[in-house]
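J.: Any chance you can model this:
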Amino acid sequence: MSKSMKNDPDRDKRFARGLPSTHHLEVDYVEQEINNMFYQSRKILEHQSSTKLELKPKSIAINIRNLLYKQPTDQQYRYFFWPSASLTLALEVGYFKTKNKALLDTLVMYYKRWERKGSRLYFLDQIMNGYVLLSLFEIHKDPWIKELLKKMYEYFKSYPRTGTGSMPYRIDNPEVVLIDYLGMICPFLSRYGSIFSYNEASHNSAFLLEDFLLNGMNDKMGLPYHGFRSDTHEKLGIIGWGRGVGWLLIGIVDTLAFLDRTTDEFHSLYNHFCKLINSILEFQDDNGYFKWMLNADEGHVDTSATAMIGYSIKRGIDLDLLDIKYAPFAERSLLALLTSTKNGLVFDSLAECQGLSMHPQRYEWNLWGQGFGTAFAGIMIDSGVISPPSPACRGR
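T.: Here you go, the predicted model:
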């Protein structure tokens, strides 16, 4: 463990403050609710390949349809963008935790549909879908999957760069770097580099993160801004946007998962990860939530931020990057998430960001709350808090 983890005088105080645990919940209830989350997430992803409103309640199906119809440019982009990718992460976690083949079959169907439609790429965030597609390639070794992955990496290579070598989130703002894309792109690059022994991809994943950590952080608080301008190095947006912190954490931890641990890149990112984790723990509220803006003490809770941060903590523990003493913080976040979950549907998730410092104060059900919430709940299986669902539940 790094010095940044060991030499933290406030850490033991945080661990000693009497953290509530999910152990007081009925185990059967927790298992069933998480099983419901997998089921709902699978049906939602299937729904995006169908025009039928098969989901229940019907109001949720209508919400999905309306959200999809608002997406830009082309109909196919609507069904292959970052909120959908969050659902693929949920199903990947669910498959490896429960061995429910229905989850795997839905993933194959989702990617085959995109392949049949021409597999066009319009925006950078679509590459997030490649992270789980790499997992499918490891399982099936199908040539069509490899071709899609190659196409994604070629799109990344041809994408414009900013003055610092980073990537603009949208090419019409060529010098604006946003935190969102780090969690969408970097894990894919690191996993791609590991699977195909391609050092260039691994190096790019680390470089993009390091560039933001150098230029996009508030040093006093240890929290990120939403972004920065690479030409002037001006910081942009608010400090400590909850989902933005989640994007950065997932970007780092799922990049570290596939980097060579003997490299300087790994050790540098590892130290940043430890420092960031220690900076955010104080912002978890007494019920286990993180707020939409972490330092908005009296602001609204956000389940998408809570899930992304909880996922990153648990992922860090599983990868032996964090000490097991950090587990209670993930447990608290799971307890909060379940409080906001009804019949497998995750509510209280902040609406989609409309731009820098434009965060509509709507807290609702949405695709990213569902996707990241289910992925986080799934990764907590076998953590000593939740056991895998029974075979009877898997067959739902």
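
J.: I'd say residue 152 and residue 127 touch.
T.: Yes: the criterion here is Cβ atoms under 8 Å, and residue 152 meets it with residue 127 at 5.1 Å. Using the backbone N, CA and C atoms, a C-beta is placed for each residue, glycine as well.

J.: Give me the common contacts of the two.
T.: Counting by Cβ atoms under 8 Å, 6 or more residues apart in numbering, the residues touching both residue 152 and residue 127 are 121, 188.

J.: Show the contacting residues for the closest residue to residue 256 other than its chain neighbours.
T.: Among residues not flanking residue 256 along the chain, residue 269 sits closest, at 5.8 Å (Cβ to Cβ, 6 or more residues apart in numbering). Applying Cβ under 8 Å, 6+ apart, we find residue 269 in contact with 206, 209, 210, 252, 255, 256, 259.

J.: Save these as a markdown table, and put in pLDDT too.
T.: Formatted as a markdown table, the contacts of residue 269 follow (pLDDT from 0 to 100):
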| residue | pLDDT |
| --- | --- |
| 206 | 98 |
| 209 | 98 |
| 210 | 98 |
| 252 | 98 |
| 255 | 98 |
| 256 | 98 |
| 259 | 98 |
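
J.: Quickly name whichever of the residues you listed is closest to residue 333.
T.: residue 252 (17.6 Å; Cβ to Cβ).

J.: any idea how far residue 149 is from the closest one?
T.: Between residue 252 and residue 149 the computed distance is 22 Å (Cβ to Cβ, to the nearest Å).

J.: Which stretches in the stretch 101-250 of the chain count as helices?
T.: For the stretch 101-250 of the chain, the helices defined by DSSP state H, counting those that start in this stretch cover 101-116, 130-140, 143-158, 180-195, 199-215, 242-256.

J.: by contact count, what packs against the shortest one?
T.: In this structure, helix 130-140 packs against helix 82-98, helix 101-116, helix 143-158, helix 180-195, with contacts taken as 3 or more Cβ pairs under 8 Å, 6 or more residues apart in numbering; DSSP states H and E.

J.: What count of nearby residues applies to residue 245?
T.: Neighbour count for residue 245, taken as other Cβ atoms under 10 Å: 25.

J.: who touches it in this structure?
T.: The contact partners of residue 245, by Cβ under 8 Å, 6+ apart, come to 223, 224, 276, 280, 290, 294, 305, 308, 309.

J.: Residue 237 now?
T.: Applying Cβ under 8 Å, 6+ apart, one finds that residue 237 lies in contact with 225, 226, 227, 244, 356, 357.

J.: With residue 357 as the reference, measure out to the fourth one.
T.: Spelled out, that is residue 244. In terms of Cβ to Cβ, residue 244 sits 11 Å off from residue 357.

J.: Pick out whichever of those two has more residues nearby.
T.: Shown here are residue 244 and residue 357; by other Cβ under 10 Å, residue 244 has more neighbours (29 against 11).

J.: residues contacting the more buried one?
T.: Taking Cβ under 8 Å, 6+ apart, we find residue 244 in contact with 179, 180, 224, 226, 237.

J.: Test my guess that the first one contacts residue 224.
T.: Yes: Residue 179 is within contact range of residue 224, at 5.5 Å (criterion: Cβ under 8 Å).

J.: Which neighbours do the two have in common?
T.: With Cβ under 8 Å, 6+ apart, residue 179 and residue 224 have common neighbours 212, 216, 241, 244, 248.

J.: Out of the contacts of residue 237, which one has the lowest pLDDT?
T.: Note: of these, the lowest pLDDT belongs to residue 357, at 80.

J.: hang on, that residue packs against residue 239?
T.: No: between residue 357 and residue 239 there is no contact under Cβ under 8 Å: 10.7 Å.

J.: Pull up the overlap in contacts between residue 244 and residue 357.
T.: 226, 237.

J.: Spatially nearest residue to residue 192, not counting backbone neighbours?
T.: Take residue 192 and drop its neighbours on the chain: the residue closest to it by Cβ to Cβ, 6+ apart is residue 201, 4.6 Å away.

J.: brain fart, residue 144
T.: residue 115 (5.9 Å).

J.: what's around the one you found, how many residues?
T.: 14.

J.: do you know how far the closest residue to residue 146 other than its chain neighbours is from residue 111?
T.: Leaving out its chain neighbours, the residue that sits closest to residue 146 by Cβ to Cβ, 6+ apart is residue 137, at 6.1 Å. As judged by Cβ to Cβ, residue 137 and residue 111 stand 10 Å apart.

J.: Need the overlap of contacts for the two.
T.: Listed contacts common to residue 137 and residue 111 are residue 145; contacts here mean Cβ under 8 Å, 6+ apart.

J.: picking that back up, what about residue 252 and residue 149, which has more around it?
T.: More crowded of residue 252 and residue 149, by other Cβ under 10 Å: residue 252, with 31 against 20.

J.: doesn't residue 274 make contact with the more buried one?
T.: No: checked against Cβ under 8 Å, the pair residue 252 and residue 274 is beyond contact range at 10.0 Å.

J.: list the contacts for residue 121?
T.: So residue 121 contacts 127, 151, 152, 155 (Cβ under 8 Å, 6+ apart).

J.: can you do 6 Å?
T.: Applying Cβ atoms under 6 Å, 6 or more residues apart in numbering to residue 121 gives the contacts residue 155.

J.: What does residue 234 show for phi and psi?
T.: Per-residue torsions, residue 234: phi -70, psi 130 (degrees, to the nearest 10).

J.: With adjacent residues omitted, what lies nearest to it?
T.: With Cβ to Cβ, 6+ apart, the residue lying closest to residue 234 is residue 228, at 6.4 Å.

J.: what are the bridge partners for the one you found, then?
T.: On the basis of DSSP bridges, residue 228 is bridged to residue 177, residue 235.

J.: From here on, call the first residue 39.
T.: New numbering, starting at 39: the last item is residue 266.

J.: correct me, but it touches residue 254?
T.: Yes: proximity of residue 266 to residue 254 meets the contact threshold set by Cβ atoms under 6 Å, at 4.6 Å.
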